[in-house]
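Student: I'd like to go over a predicted model; first the sequence, then the structure.
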Amino acid sequence: MVKNKWGIEVKPHTICAIDASTNSLAFSLFAGEDLGAVGKINFEGSNTYEKVMDAGQKVKAFFDYYGGFEAIVIEHTVFMNSPKTAADLALVQGAILGSAGQSGTKVIGKVSPITWQIFMGNGKISKDEQLLIRSQNPGKSESYYKAHERMLRKERTIKFINTIYDRTITDNDVADACGIGHWAVRNWGKAIGLDK
């Protein structure tokens, strides 16, 4: 936590919100509650370890370009369906956080995906919505329906961010980074584990 001149912990003024995957880092920069620069850094390599090394180098250059950040908030790694994907993502996040530390970042916050999504009113698809999707697309596989639900939620996040911040973001990952930041600047104590 950042401290003021009296030693009292305060919310940092600048926060870099990160949505990381095994292939990229999407970011959004917030100054107070104002959304600034957004973007995406793609990682290259023929295997996970090459991508992790590329991530470390590119992210360090990104942090250095901005002179480091007071604080970072990152979407917490969650186990989905694939242990390999969860492990690979943890490696990438380690490279990202190592680069952050080398650039002088002292405070790291985290949030689970469902927490920031619910905060924006974009929780899990309701039973009625699931039934509507299935009635509009009969005879499809379960994986088709799950993918359709996921895209519907991604579109809602994009619409929310573009409406609230008067943007024209089209990339799902960048919109997610903005959603993470939107939550963090309003829930910083929770992001760093002070508020329950």
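Tutor: Right, received. Where do you want to start? Numbers count the residues shown, from 1 in each chain.

Student: Show me what the lengthiest helix in the chain is packed against.
Tutor: The longest helix of the chain (DSSP state H) is helix 142-165. Here helix 142-165 touches helix 127-136, helix 172-186, going by 3 or more Cβ pairs under 8 Å, 6 or more residues apart in numbering; DSSP states H and E. Every residue, glycine included, has its C-beta placed from N, CA and C.

Student: To residue 21, which of those helices lies closest?
Tutor: In terms of Cβ to Cβ, the element of the helices and strands packed on helix 142-165 nearest to residue 21 is helix 172-186, at 6.9 Å.

Student: so how far is that closest one from its chain's centroid?
Tutor: A distance of 6 Å separates the centroid of the chain from that of helix 172-186, by Cα atoms, centre = their mean, to the nearest Å.

Student: What helices and strands are in contact with it?
Tutor: strand 14-20, strand 24-31, strand 34-42, strand 71-75, strand 107-111, helix 113-119, helix 142-165.

Student: in whichever strand or helix holds residue 92, what's buried?
Tutor: Residue 92 is part of helix 83-102, with elements assigned from DSSP states H and E. Residues 88-89, 91-93, 95-97, 99-100 are the ones in helix 83-102 that count as buried (16 or more other Cβ atoms under 10 Å).

Student: now do stretch 43-58
Tutor: Going by neighbour count (16+ other Cβ under 10 Å), the buried part of stretch 43-58 is 43, 48, 51-52, 54-56, 58.

Student: Dump that stretch to PDB, keeping only the CA atoms.
Tutor: Extracted as PDB, the C-alpha positions of stretch 43-58 are listed here (Å, rounded to 0.1, in the frame of the first residue of the first chain):
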ATOM      1  CA  PHE A  43       4.000 -13.200 -26.400                       C
ATOM      2  CA  GLU A  44       5.900 -15.300 -28.900                       C
ATOM      3  CA  GLY A  45       7.600 -18.600 -28.700                       C
ATOM      4  CA  SER A  46       7.200 -22.200 -29.900                       C
ATOM      5  CA  ASN A  47       6.500 -23.500 -26.400                       C
ATOM      6  CA  THR A  48       5.500 -22.300 -22.900                       C
ATOM      7  CA  TYR A  49       9.000 -21.600 -21.700                       C
ATOM      8  CA  GLU A  50       9.900 -19.500 -24.700                       C
ATOM      9  CA  LYS A  51       6.600 -17.500 -24.300                       C
ATOM     10  CA  VAL A  52       7.400 -17.000 -20.600                       C
ATOM     11  CA  MET A  53      10.900 -15.600 -21.400                       C
ATOM     12  CA  ASP A  54       9.400 -13.400 -24.100                       C
ATOM     13  CA  ALA A  55       6.700 -12.300 -21.600                       C
ATOM     14  CA  GLY A  56       9.400 -11.300 -19.100                       C
ATOM     15  CA  GLN A  57      11.300  -9.200 -21.500                       C
ATOM     16  CA  LYS A  58       8.400  -7.500 -23.100                       C
END
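
Student: I am finished for the moment; much appreciated.
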